[in-house]
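**Q** curious how this folds, go ahead:
(one chain, ligands or ions: 2)
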Amino acid sequence: MKIVEVAVGVIKSANKIYISKRSDDLHQGGKWEFPGGKREANETIEQALARELSEEIGIQVTKQSPFMLIEHDYGDKKVRLDVRLVEGFEGEASHQEGQQSQWVEINELQQFTFPDANKVIIDKLVGSLTED
Ligand SMILES: Nc1nc2c([nH]c(=O)n2[C@H]2C[C@H](O)[C@@H](COP(=O)(O)OP(=O)(O)OP(=O)(O)O)O2)c(=O)[nH]1
Ligand SMILES: [Mg+2]
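**A** Ligands and ions are numbered 1, 2, ... in the order given. Next comes the predicted model:
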């Protein structure tokens, strides 16, 4: 099975992260996600993330860095999530495609249902709270 490469943005402002709800009709629909999407053939992962965040939530990324790389097999689909931390952006995050989205405190992330591949992302974010 082909692996789908996905650019995923953990958008951070103070201790809050911006999450959106996937449409019911999509793969892993109805679950919360970190905004992002599939990399196109002519793009680097940085470009893909910047494009997706502009299209999906209307922000222009000015600072992004690698956070973690996750490979996950959903059975019907294999994904490689290139998760990047977004700590600088212009504009105000808001959903452009009508889905629900919101800023949530890192220590509240565990109350939301995410795709299974996201568990390690949440663990790392929550772990970072107690480190400093
Ligand atoms: N964006 C995003 N996708 C995730 C996360 N966790 C996770 O398993 N995925 C999976 C679900 C999908 O199979 C894939 C992302 O595909 P997508 O549907 O968002 O891609 P896209 O925005 O380019 O959408 P499309 O226009 O091709 O429909 O990655 C996450 O936190 N964010
Ligand atoms: Mg998407």
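**Q** contacts only, for the nearest residue to residue 55 once chain neighbours are set aside.
**A** Take residue 55 and drop its neighbours on the chain: the residue closest to it by Cβ to Cβ, 6 or more residues apart in numbering is residue 96, 6.5 Å away. C-betas here are computed from N, CA, C, even on glycine. Residues near residue 96 by Cβ atoms under 8 Å, 6 or more residues apart in numbering: 55-58.
**Q** now restrict the residues you listed to buried residues only.
**A** 56-57 (16 or more other Cβ atoms under 10 Å).
**Q** in helices, which of the contacts of residue 96 appear?
**A** 55-57 (DSSP state H).
**Q** tell me which parts of the protein are close to ligand 1?
**A** 6, 8, 26-28, 33-34, 36-38, 52, 77, 79, 81, 115, 117-118 (Cβ under 6 Å from any ligand atom).
**Q** not counting its neighbours along the chain, what's nearest whichever residue of the chain sits closest to ligand 1?
**A** Across the chain, no residue is closer to ligand 1 than residue 37, which sits at 2.4 Å (Cβ to the nearest ligand atom). Spatial nearest neighbour of residue 37, chain neighbours left out: residue 52 (4.2 Å); criterion: Cβ to Cβ, 6+ apart.
**Q** kindly report the same for residue 79.
**A** Nearest residue to residue 79, sequence neighbours excluded (Cβ to Cβ, 6+ apart): residue 4, at 5.0 Å.
**Q** any idea how far that neighbour is from residue 90?
**A** 29 Å (Cβ to Cβ, to the nearest Å).
**Q** pick out whichever of these two has more residues nearby.
**A** Shown here are residue 4 and residue 90; by other Cβ atoms under 10 Å, residue 4 has more neighbours (15 against 8).
**Q** what comes into contact with stretch 116-132?
**A** 8, 10, 15, 17, 33-34, 67-68, 70, 72, 74, 79, 81, 83, 106-107, 109-110, 114.
**Q** return the subset of those lying in strands.
**A** If you go by DSSP state E, these have 8, 10, 17, 33, 67-68, 70, 72, 79, 81, 83 in strands.
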